[in-house]
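K.L.:
okay, predicted coordinates and the sequence, questions at the end:
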Amino acid sequence: MFIGAVLLLAFLSSLSWVWQGVPGINLFAVRPATVAAFPLIIFYLWKGNSSIGPVKIKVLIFLFFSFLVLCLPSYLNNYHHWSIQKVFSLYIYGFLSYYAARTYLLLYPTRIWKNFWPFACLVLVFSTVVSFYLAFGTLIPNTKISSSEGFIHNSLYSGVFEEGGKGLRHTMAIVPLIIVAMIFHNKSTPIYISMPAALICLYLVLYSFSRSAWLIFMIIIILAFKDVFKNFHKNLFKIMFVGFVCFIGFAVFVFLNPKLFDWALNLLSDRVSDDRSTSGRLWIIGHVFSDMSIGEYIFGYNRPQYYSPHNMMLDAFLQSGVFGLVVTFIFLVYVFKIFIRGFIKGGVENIQAAIFITPALIRMFTAGSGMLHLAELFGLFVAANMKSSDEPTRKENTYYGNVFKS
């Protein structure tokens, strides 16, 4: 089990290094986490229950059908929104993230993981900070810049990023959120580790200037407070209480010293009110919908596309028409059902699952490429493999259902 914990740590530590790729492989984007996932799969197949039941067969059939639907326009249309390589990369990422999530849940109840997690948490935070620093060139914002566009172009792209890779910062911003989700899931984490780690993750999320990441963080905090009040846990209460005190103290300090933070408040306000990313959705609604032929409604938009819808369902609609829209809608309903079960019903496992799946849910509506990446998919599959709080306990089930060997 210790080997599995080390392999899982290697995978999670490499999630934020999305700007690093293996040259010479063009079939799909090969990231460090992609490479790290394969020994993790071998470990799971060795230690976990790899049998496939009827439900999983249905899921696999649905995924294969979805793949065919999303790839069909590559053969029928002259212009397609997603290439076969891009669609294939999504399913490769899904396959790898699925087994990484199952491995995490295999390790989670063990004593080895409980002892290993505090160290793993520190390593994850350190690796993520380093990746942000190398990618952005700095982690100290330029106080002379007062517009969000100026901040993004002058601060964030001083490292390895260029204009064409700006979407990677949104993907990187998901990783600190997954770390926060794991901190809340591993409630026995010592507060002297969990609190600084959570605050560092919050800073990285703010620094990324990803509004979707900001929204995800707020939802996670709301769910964590719900968990504290409905399912009291001493250590989680300490984390939330200290975090709340720090927030109030910082808010008072900002109120008493407004001139020190005018630039930051103006910057955040400018970013929140920036509506340029909505141009893709407006283009789809105002131009594409009104000008599509019957064939394009059925098989996808067969013309040059100038904007990204920043929405998985609209992306799939451009790609494969009504068939792609239906496929992604079914997927969205599945994700939303897990989220709403935790947000409305509560229960320890339900809330934890909702926290893990929130990044995937929000990014389905905001991702520029319309695709989920490894970090979001990892959180999604952790949530999907958790046992629901209202699911009746069966004799043959473990804590996470009948998925692991005893």
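P.N.:
All right, it came through fine.

K.L.:
which one is Phe343 nearest to, not counting chain neighbours?
P.N.:
Residue nearest to Phe343 in three dimensions, not counting chain neighbours: Ala354, with 5.5 Å by Cβ to Cβ, 6 or more residues apart in numbering. Placement of C-beta: from N, CA and C, glycine included.

K.L.:
could you tell me how many residues sit around the one you found?
P.N.:
Look at Ala354: counted by other Cβ atoms under 10 Å, it has 29 neighbours.

K.L.:
repeat that for Met371.
P.N.:
20.

K.L.:
so it sits in a helix?
P.N.:
No: read with DSSP: H, G, I helix; E, B strand; the rest coil, Met371 is coil and lies in no helix.

K.L.:
please look at it and Ser83 and confirm they touch.
P.N.:
No: taking contacts as Cβ atoms under 8 Å, Met371 lies outside contact range of Ser83: 11.5 Å.

K.L.:
by contact count, what packs against the helix or strand that the residue nearest to Phe343 is a member of?
P.N.:
If you go by DSSP states H and E, Ala354 is part of helix 348-366. Secondary-structure packing of helix 348-366 (3 or more Cβ pairs under 8 Å, 6 or more residues apart in numbering; DSSP states H and E): helix 168-185, helix 211-230, helix 312-340, helix 374-385.

K.L.:
quick one, which of the ones you listed gets closest to Ala37.
P.N.:
With Cβ to Cβ, the closest approach to Ala37 among those belongs to helix 374-385: 7.9 Å.

K.L.:
helices or strands next to the closest one in the packing?
P.N.:
Using 3+ Cβ pairs under 8 Å, 6+ apart, helix 374-385 is in contact with helix 32-47, helix 84-107, helix 168-185, helix 312-340, helix 348-366.

K.L.:
quick one: the second one to chain centroid distance?
P.N.:
In this view, helix 84-107 has its centroid 13 Å away from the chain centroid, taken as Cα atoms, centre = their mean, to the nearest Å.

K.L.:
what helices and strands are in contact with it?
P.N.:
Helix 84-107 packs on helix 2-13, helix 32-47, helix 54-71, helix 374-385, going by 3+ Cβ pairs under 8 Å, 6+ apart.

K.L.:
could you list the buried residues of the second one?
P.N.:
Neighbour-count burial for helix 32-47 flags 32-34, 36-37, 39-41, 43-44, 47 (criterion: 16 or more other Cβ atoms under 10 Å).

K.L.:
next: the first one.
P.N.:
When burial is assessed from 16+ other Cβ under 10 Å, helix 2-13 yields the following buried residues: 4-5, 7-13.

K.L.:
hang on, the earlier thing: out of the buried residues of helix 32-47, which two sit at the greatest distance?
P.N.:
That would be Pro32 and Lys47, which, of the buried residues of helix 32-47, are the farthest apart (Cβ to Cβ) at 23.3 Å.

K.L.:
how many neighbours does Asn257 have?
P.N.:
That count, for Asn257 with other Cβ under 10 Å as the rule, works out to 10.

K.L.:
from Ser194, how far out is it?
P.N.:
Using Cβ to Cβ, to the nearest Å, we find Asn257 at a distance of 29 Å from Ser194.

K.L.:
just Leu204 next, same as before
P.N.:
Leu204 is 16 Å from Ser194, by Cβ to Cβ.

K.L.:
hmm, Tyr301 is touching Gly295, no?
P.N.:
No: under the criterion of Cβ under 8 Å, Tyr301 is not in contact with Gly295, lying 10.2 Å apart.

K.L.:
of those two, which one has the most company?
P.N.:
Tyr301 (24 against 12).

K.L.:
helix, strand, or coil at the more buried one?
P.N.:
Once three-state DSSP is applied, Tyr301 turns out coil.

K.L.:
now Ile140
P.N.:
coil.

K.L.:
wouldn't Phe377 be in contact with Tyr91 here?
P.N.:
Actually, residue 377 is Leu rather than Phe. No: Leu377 lies out of contact with Tyr91 (Cβ under 8 Å); the separation is 10.2 Å.

K.L.:
okay, these two: which has more neighbours?
P.N.:
Neighbours were counted for Leu377 and for Tyr91 using other Cβ under 10 Å; Leu377 has more, 24 against 15.

K.L.:
can you get me a residue count around the residue lying closest to the more buried one once chain neighbours are set aside?
P.N.:
Counting by Cβ to Cβ, 6+ apart, Leu377 lies nearest to Ser97, which is 3.6 Å off, once chain neighbours are set aside. As a burial measure, Ser97 scores 26 neighbours (other Cβ under 10 Å).

K.L.:
give the contact list for the residue nearest to Phe343.
P.N.:
223, 338-343, 383 (Cβ atoms under 8 Å, 6 or more residues apart in numbering).

K.L.:
I'd assumed Lys387 was in a strand, is it?
P.N.:
No: assignment of Lys387 by three-state DSSP gives coil, placing it outside any strand.

K.L.:
could you measure from it over to Ala37?
P.N.:
Per Cβ to Cβ, Lys387 is found 24 Å from Ala37.

K.L.:
against Ile41, how distant is the residue nearest to Leu377?
P.N.:
11 Å.

K.L.:
likewise for Phe299?
P.N.:
Noted for Phe299: a distance of 35 Å to Ile41, by Cβ to Cβ.

K.L.:
list the contacts of Ile178.
P.N.:
The contact partners of Ile178, by Cβ under 8 Å, 6+ apart, come to 12, 15, 356, 359, 375, 378-379.

K.L.:
distance check, it against Phe119.
P.N.:
In this view, Ile178 and Phe119 are 17 Å apart by Cβ to Cβ.

K.L.:
and Ser188, how many neighbours?
P.N.:
Ser188 - counted by other Cβ under 10 Å - has 12 other residues nearby.

K.L.:
and for Ala384?
P.N.:
Count around Ala384 with other Cβ under 10 Å applied: 18.

K.L.:
repeat that for Leu314.
P.N.:
Neighbours around Leu314, by other Cβ under 10 Å: 24.

K.L.:
helix or strand with the lowest mean pLDDT in this structure?
P.N.:
helix 148-154 (a mean of 60; mean pLDDT, DSSP states H and E).

K.L.:
for the residue of the chain positioned farthest from its centre, give its distance to Arg211.
P.N.:
Residue farthest from the centre of the chain, counting by Cα atoms, centre = their mean, is Leu256 at 36.1 Å. Applying Cβ to Cβ, the value for Leu256 to Arg211 is 28 Å.
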